[in-house]
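# Provide a 3D model corresponding to the input given below.
(2 chains)
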2 protein chains.
Amino acid sequence: MSQPTLSFEQLRHSAPLALRQYIAAGQYQGHTSGLAQGRVQANIVILPNDWANEFLRYCTLNRQACPVLDVTEPGDPYFRNLGTAIDIRHEVSRYRVYRHGELSEEPSDIEHVWQDDLVAFAIGCSFSFEQPLLDAGIALRHIDLGRNVAMYRTNIDTRPTARLSGKLVVSMRPMQAAAAIQAIQITARMPNVHGAPVHIGDPALIGIDSLSSPDYGDAVPVEADEIPVFWACGVTPQSVVQTSRPPLCITHAPGCMLVTDVLNSAL
Amino acid sequence: MSQPTLSFEQLRHSAPLALRQYIAAGQYQGHTSGLAQGRVQANIVILPNDWANEFLRYCTLNRQACPVLDVTEPGDPYFRNLGTAIDIRHEVSRYRVYRHGELSEEPSDIEHVWQDDLVAFAIGCSFSFEQPLLDAGIALRHIDLGRNVAMYRTNIDTRPTARLSGKLVVSMRPMQAAAAIQAIQITARMPNVHGAPVHIGDPALIGIDSLSSPDYGDAVPVEADEIPVFWACGVTPQSVVQTSRPPLCITHAPGCMLVTDVLNSAL
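Numbering: from 1, shown residues only, chains lettered A, B, ... in the order given. Next up, the predicted model:
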């Protein structure tokens, strides 16, 4: 490639459009945590029209886990409501392509799998509420430890549609009581990124046997004076869709979110 | 009919399920303002599947005007997420049936027009945020005057889909500054019923020529020491759908909302 490679520090402070152009040019295929700081990052789900229509009903009924920030018209590869039009075929650093529920490839571009009946969804992500928590002086242990957040499958049923159903997946952040109370208030103001927690305290009450064995992400320790705080998680819709095995489903690869032009503060 | 007719005062204090059964039995065909107090009332839009899929995308992109509280599976006449299953063919007091955009009938039951491809939407309504405003001691002039709220077509474009587009419709309530500030805070907490206002002050800035000539509802006077406060209005999706002339569209008749089991405080 002819262009010089940008440093991670340069990517952190780059404008979101410039970052997406860099990604679309094939210059960066890594994770997006901390990049283009202050901008909304989104989970991506792409489905054929028939499944997409049902998936949008599912998201509507399960908004806390699946807050849809933008949806495309069938066959239109552009998100048109997240700032400058975003070509979803090129502007995510790494994708996952599932066929009948099985991972078939992990490309850095999906032009070759694009179809005229595909609909793309951008779904809110907890990156957007972690920054306001940090800004309020609330430490987030998984960040301090350089780990992914711990996520668990609960025994809470989501609201089903004909073919889409499953248990709610939550992310957990341990906090002292005062921080938990503050975090509830801050996140309650952000319904587009999961809103207030769904549970605090005893994990067994929502069907989680052991905090040390998360279903997704990395375990983080909970200290004796801390309460685990559980938020609805954007992994829920991806897990539900994959279980139902649509003929084709494309998502972002873990950690490789779509970086939008929207300011976190606008959510 | 064999049952005795209930008084308006009895209907005000009836349980929502009992009220809907009374309506389904053909005993009441009037408006629902103030009935089954404290319960969420919803706007209804029913469309054939093809149009319904696009309408749900439109609502997702224009959530402040079109907060979807529940959506049915195609052909299923039951709302399943608003309390006890609600049969949308019978449990609204009066409907409007539009064919190709023209009002064709105003029945009190839609069993005879039901089709296997219909999808029903329940959309949040400002009745749900007016009660918390009243509870906070904020007077609402249209209620004091026994009028419908004043609604206006603005020059604000909604986010379009392929066939659905149009201007935002807003409702206006005049308030003194202190009440307006309080009302902004209270409604901001209720994103499922239009959320915070979209505008305060000069109506010309959003394309409203004259407050005394509302496009829908009744005019109410704005006093010299008051500010007009404008909220996104659930008339927006109905107006947009009717303009696009789908072959069949069924809505509630004005003021004849669906009374759900959901508590206003749960929004």
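
# got the residues of chain A near chain B?
Proximity of chain A to chain B, by Cβ under 8 Å from any Cβ of the partner chain, involves residues A:49, A:53, A:56-57, A:59-61, A:68, A:70-71, A:73, A:80-81, A:159, A:161-162, A:188-189, A:191. Every C-beta, even on glycine, is put in place using the N, C-alpha and C of the backbone.

# Could you give me the ChimeraX selection string for whichever of those residues are buried?
In ChimeraX syntax, the buried subset of the residues of chain A next to chain B is picked out as below (16 or more other Cβ atoms under 10 Å in any protein chain shown):
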select /A:53,56,57,59,60,61,68,70,71,73,80,81,159,161,191
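
# Just the ones in helices from the residues of chain A next to chain B, please.
Counted as lying in helices by DSSP state H, out of these, are A:49, A:53, A:56-57, A:59-61, A:188.

# any chance of the residues you listed in JSON lines, plus pLDDT?
As requested, those are exported to JSON lines (pLDDT from 0 to 100):
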{"residue": "A:N49", "pLDDT": "96"}
{"residue": "A:N53", "pLDDT": "97"}
{"residue": "A:L56", "pLDDT": "98"}
{"residue": "A:R57", "pLDDT": "97"}
{"residue": "A:C59", "pLDDT": "97"}
{"residue": "A:T60", "pLDDT": "96"}
{"residue": "A:L61", "pLDDT": "96"}
{"residue": "A:A188", "pLDDT": "89"}
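
# Tell me which residue in chain A sits closest to chain B.
Nearest residue of chain A to chain B (Cβ to the nearest Cβ) works out as A:N53 at 4.1 Å.

# Pull the contacting residues for that residue.
Counting by Cβ atoms under 8 Å, 6 or more residues apart in numbering or on different chains, A:N53 makes contact with A:119, B:49, B:53, B:56.

# let's see 6 Å
B:N53 (Cβ atoms under 6 Å, 6 or more residues apart in numbering or on different chains).

# Any regions of the stretch 151-267 of chain A where pLDDT drops low?
Within the stretch 151-267 of chain A, no stretch has pLDDT under 70.

# Which residue is the nearest non-sequential neighbour of A:T243?
Leaving aside its sequence neighbours, A:T243 sits nearest to A:G166 (Cβ to Cβ, 6 or more residues apart in numbering or on different chains; 5.8 Å).

# which residues does the one you found contact?
Taking Cβ under 6 Å, 6+ apart, we find A:G166 in contact with A:158, A:240, A:243.

# quick one: the second one and A:R163 touch, right?
No: applying Cβ atoms under 6 Å, one finds A:V240 not in contact with A:R163, separated by 9.6 Å.

# where exactly do the helices run in the stretch 101-250 of chain A?
Counting by DSSP state H, counting those that start in this stretch, the stretch 101-250 of chain A has helices at residues A:127-135, A:141-144, A:177-188, A:235-244.

# Dump those helices into CSV; add distance to B:L211 as well.
Shown next, in CSV, are these (distance: least, Cβ to Cβ, whole Å):
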stretch, distance to B:L211
helix A:127-135, 37
helix A:141-144, 50
helix A:177-188, 34
helix A:235-244, 43
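
# Highest mean neighbour count out of these?
helix A:235-244 (a mean of 22; mean count of other Cβ atoms under 10 Å in any protein chain shown).

# Which parts of chain A are strands?
Along chain A, the segments classed as strands by DSSP state E run A:39-48, A:68-71, A:78-79, A:86-87, A:95-99, A:102-105, A:118-124, A:150-157, A:167-176, A:199-200, A:226-232, A:249-252, A:258-263.

# Next one: A:Y216 relative to B:V97, how far apart?
Distance, A:Y216 to B:V97, using Cβ to Cβ, to the nearest Å: 48 Å.

# no wait, A:A18
Distance, A:A18 to B:V97, by Cβ to Cβ: 52 Å.

# ok, these two, which is more surrounded?
B:V97 (18 against 13; other Cβ atoms under 10 Å in any protein chain shown).

# and the more buried one, bridged to which residues?
Beta-bridge partners recorded for B:V97 (DSSP bridges): B:E105, B:I250.

# Does it touch B:S108 like I think?
No: with contact defined as Cβ under 6 Å, B:V97 does not count as touching B:S108 (11.5 Å).

# contacting residues around A:E73?
Going by Cβ under 6 Å, 6+ apart, A:E73 touches B:161-162.

# Surely A:E91 and A:Y22 touch.
No: A:E91 is beyond contact range of A:Y22, at 9.7 Å (criterion: Cβ under 6 Å).

# With neighbour numbers in mind, choose between those two.
Legend: neighbour count by other Cβ under 10 Å for A:E91 and A:Y22, higher for A:E91 (24 against 19).

# In contact with the more buried one, which residues are there?
Neighbour list for A:E91: A:20, A:23-24 [criterion: Cβ under 6 Å, 6+ apart].

# So for it, what's the pLDDT?
Model confidence at A:E91, expressed as pLDDT, equals 97.

# Could you check how many residues crowd around the nearest residue to it once chain neighbours are set aside?
Leaving aside its chain neighbours, A:E91 sits nearest to A:R20 (4.3 Å; criterion: Cβ to Cβ, 6+ apart). Using other Cβ under 10 Å, A:R20 is surrounded by 25 other residues.

# if I look at A:R20, how far off is B:L134?
Distance of A:R20 to B:L134, given as Cβ to Cβ: 47 Å.

# before we move on, back to that, which of the contacts of A:G166 lies closest to B:P221?
Nearest to B:P221 out of the contacts of A:G166 is A:T158 (Cβ to Cβ; 47.8 Å).

# contacting residues around the closest one?
So A:T158 contacts A:62, A:166, A:168 (Cβ under 6 Å, 6+ apart).

# For the first one, which non-adjacent residue is spatially closest?
This points to A:N62. Spatial nearest neighbour of A:N62, excluding adjacent residues (Cβ to Cβ, 6+ apart): A:T158 at 4.7 Å.

# Can you pull the poorly scored residue ranges out of the stretch 1-150 of chain A?
A:1-4.

# Could you rerun that using 50?
Judged by pLDDT under 50, the stretch 1-150 of chain A has its weakly predicted residues at A:1-2.
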